[in-house]
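**Q** Predicted model follows, preceded by the sequence.
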Amino acid sequence: MKKNILITGASGQLAMEIKQELNGSVSNNYIFKEKTELDVTNIEKLDSFFEKNEIHLVVNCAAYTNVNGSEIDKESANLINHLAVKNIAEVCTKHKAACIHLSTDYVFSGEKNTPYKETDPTSPLGAYGQTKLLGESALQHSDIDFIILRTSWLYSAFGNNFVKNILRISKEKKELKVVFDQVGTPTYAKDLARFIIYVIENELYIGKQDVYHFSNEGVCSWYDFAIEILKLSGSSCKVIPCLSYEFPTPAARPAYSVLDKSKLKADFNYTIPYWKDSLEFLMKNYHI
């Protein structure tokens, strides 16, 4: 039976990649909605939309992702990252729908030096991670089928992200400083989008109430990431490694946020691409 799949946060980079990856082979009906079209912070409007459109599954890509902004405007971060997810959980419960929800590596403190497993203790350093963790909890306290996908360092040809910022700055300056004491894994949003579609089309979310980690394979610092971006772009801009304290920000970042993906790969029998290969694919196929 064809199912109605709601994708929130439709103007964001992940939702845009999901939309681009859909083709004639998909068997479900995908409905993309931006905040201006469907406000997930308004439970009455959300309930009405589910009722009218018979939603079977929601992929919640809506998020307040400004890490520094979350420290300044904690109310907005909590509204979108926590309370809106609570609304989605309640409406999904009422309509017997399921949810795939996107979360973040920022739920961890970054004090480990080995990849974080889903079962490791969470300890966010700031409001962004705290509100995302509360959103996770809202789903975990519901009785619906859900998958929480924690990801890290997301980038794509769409939206505002590290890759596009580095390319822009490299055209304006002869050199730039990038921190080398924050380590993680870049995630190409297209790879994550393909996994989400795979889960939906094969109905692998049914009967699940679990948390999984998804990022590309491999490990690097932001400095290494920048070096690779500029190498692939052919830029002559020089990248200088620096320490985090040289760039003080309102929000603290985890020094180490590599995610262990063993559970996801085993449970879904899924292969994840290496981060350099995915970055090269983006740089070769998109003019950004």
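**A** All right, it came through fine.
**Q** Pull the contacting residues for Ser278.
**A** Residues near Ser278 by Cβ atoms under 8 Å, 6 or more residues apart in numbering: Pro186, Tyr188, Lys190, Asp191, Asn216. C-beta here means a position set from N, CA and C on the backbone, and glycine is covered the same way.
**Q** and the two most separated of these?
**A** For the contacts of Ser278, the farthest-apart pair by Cβ to Cβ is Pro186 and Lys190; their separation is 12.1 Å.
**Q** Now the helix or strand bottoming out on mean pLDDT in the chain - C-alpha only, PDB.
**A** Using mean pLDDT, DSSP states H and E, the weakest-scoring helix or strand in the chain turns out to be helix 67-72, at a mean of 92. The C-alpha trace of helix 67-72 is given here as PDB (Å, rounded to 0.1, in the frame of the first residue of the first chain):
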ATOM      1  CA  VAL A  67      24.800  26.300  17.600                       C
ATOM      2  CA  ASN A  68      25.900  29.800  18.700                       C
ATOM      3  CA  GLY A  69      22.400  31.200  18.200                       C
ATOM      4  CA  SER A  70      21.000  28.500  20.500                       C
ATOM      5  CA  GLU A  71      23.000  30.000  23.400                       C
ATOM      6  CA  ILE A  72      21.600  33.500  22.700                       C
END
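**Q** Summarise which helices and strands that helix is packed against.
**A** helix 74-78, helix 127-140 (3 or more Cβ pairs under 8 Å, 6 or more residues apart in numbering; DSSP states H and E).
**Q** Mind doing that once more with 7 Å?
**A** The elements that helix 67-72 packs onto, with contact taken as 3 or more Cβ pairs under 7 Å, 6 or more residues apart in numbering; DSSP states H and E, are helix 127-140.
**Q** show me the contacts for the residue nearest to Ala193 when sequence neighbours are not counted.
**A** Closest residue to Ala193 apart from its sequence neighbours, by Cβ to Cβ, 6 or more residues apart in numbering: Glu17 at 3.8 Å. Contact analysis of Glu17 by Cβ atoms under 7 Å, 6 or more residues apart in numbering lists Ser156, Phe158, Ala189, Lys190, Ala193.
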